[in-house]
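[1] Next input, structure requested:
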Amino acid sequence: MNKILFLIILFLSPIALAEVNLKKFSIEGISIGDSVADYFPGREITKNIVKQADLTDEFYVAHFNKHESFSQFDQIYFVINPSTDNVLFPIEGMSAFIDFKQDIQKCFDQKDYFFKQIINIYKEEINKKLIDINTAIKPHPSDLTGKSTYEHTDIKFPNGFIRIACYDMQAHSGTNDALILDFFTEDVDRWLHNEVGKS
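    Model (predicted):
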């Protein structure tokens, strides 16, 4: 019995115990696991909490638009864990936006910049095959003509997820081109997929 248990642990451990240090990458100097209270006053955080339809209260989401402390992004959504013993209101997810109006090439240039930055930060983990990277181009569901598209690169860690996407929106859609950089822990990624998937 003990030998069987040992073998199970042995075979599972490379996946189950492999974790990537998510704090190595930051958005506007803010990393996963940081306390949101270290960057914004409590009153400002409370004011910017937004209720997300179809999502439970397992996490809170605070939206900051054109904040004075932002130098790269126009707006960021922070996913905050309200209950933890280690850090006061730790950030477990970020979704950051840059508006490019109708300039998709600038968006692609910025997407390449962030991708190279991430690859450089996590090159050791990539060499160890702890990270899966996939790129795809898909039609945007809001444009029924199929002419608006988005190109996304997914970077999957054992304990987290980054997606960098450029949205190439046609003028008739009424929506600007934009870059969105999502960075979530595994728990937030599960929360988003499970809850939205139920609706």
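[2] just the strands in this structure please.
    26-27, 30-31, 49-50, 60-65, 75-80, 91-101, 132-139, 149-157, 160-168, 177-185 (DSSP state E).
[3] residues touching the closest residue in space to residue 184 that isn't next to it in sequence, list them.
    Of all residues beyond its chain neighbours, the one nearest residue 184 is residue 93 (4.1 Å), with distances taken as C-beta to C-beta, 6 or more residues apart in numbering. C-betas here are computed from N, CA, C, even on glycine. Going by C-beta atoms under 8 Å, 6 or more residues apart in numbering, residue 93 touches 32, 59, 77, 78, 79, 182, 183, 184, 185, 188.
[4] tell me the pLDDT at residue 5?
    Looking at residue 5, its pLDDT reads 34.
[5] Next: residue 8.
    At residue 8, the pLDDT value in this model is 35.
[6] thinking again about what came up before, and the residue nearest to residue 184, what are its bridge partners?
    residue 79, residue 184 (DSSP bridges).
[7] Distance-wise, check it relative to residue 21.
    Noted for residue 93: a distance of 16 Å to residue 21, by C-beta to C-beta, to the nearest Å.
[8] now do residue 99
    31 Å.
[9] just residue 186 next, same as before
    From residue 186 to residue 21 the distance is 14 Å (C-beta to C-beta).
[10] Sketch out the low-pLDDT regions of this protein for me.
    For the chain, the stretches flagged by pLDDT under 70 are 1-18, 53, 195-199.
[11] Go again with 90.
    Residue ranges of the chain with pLDDT under 90: 1-20, 51-57, 82-88, 101-102, 141-146, 171-175, 191-199.
[12] Which helix runs longest in it?
    helix 104-121 (DSSP state H).
[13] starting at the chain centroid, how far to that helix?
    When C-alpha coordinates are averaged (C-alpha atoms, centre = their mean, to the nearest Å), helix 104-121 and its chain have centres 15 Å apart.
[14] Give me the residues contacting that helix.
    Here helix 104-121 has contacts from 24-25, 98, 100, 126, 151, 153, 155, 162, 164-168, 177-179, 181, using C-beta under 8 Å, 6+ apart.
[15] From the residues you listed, list the buried ones, please.
    Among the contacts of helix 104-121, those classed as buried by 16 or more other C-beta atoms under 10 Å are 25, 98, 100, 126, 151, 153, 155, 162, 164-168, 177-179, 181.
[16] what is the orientation angle of the longest helix of the chain with strand 160-168?
    160 degrees (axes from the mean of the first three to the mean of the last three C-alpha atoms, to 10 degrees).
[17] Dump helix 104-121 to CSV, restricted to CA.
    Output in CSV follows, covering the C-alpha atoms of helix 104-121 (Å, rounded to 0.1, in the frame of the first residue of the first chain):
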residue,chain,number,x,y,z
ILE,A,104,-3.6,48.0,-34.8
GLN,A,105,0.1,48.0,-35.8
LYS,A,106,1.0,49.9,-32.6
CYS,A,107,-1.0,47.3,-30.7
PHE,A,108,1.0,44.4,-32.2
ASP,A,109,4.3,46.2,-31.5
GLN,A,110,3.3,46.5,-27.9
LYS,A,111,2.1,42.9,-27.7
ASP,A,112,5.5,41.8,-29.0
TYR,A,113,7.2,43.9,-26.4
PHE,A,114,5.3,42.4,-23.5
PHE,A,115,5.7,38.9,-24.9
LYS,A,116,9.5,39.2,-25.2
GLN,A,117,9.6,40.6,-21.7
ILE,A,118,7.7,37.6,-20.3
ILE,A,119,9.8,35.2,-22.3
ASN,A,120,13.0,36.7,-21.0
ILE,A,121,11.8,36.7,-17.4
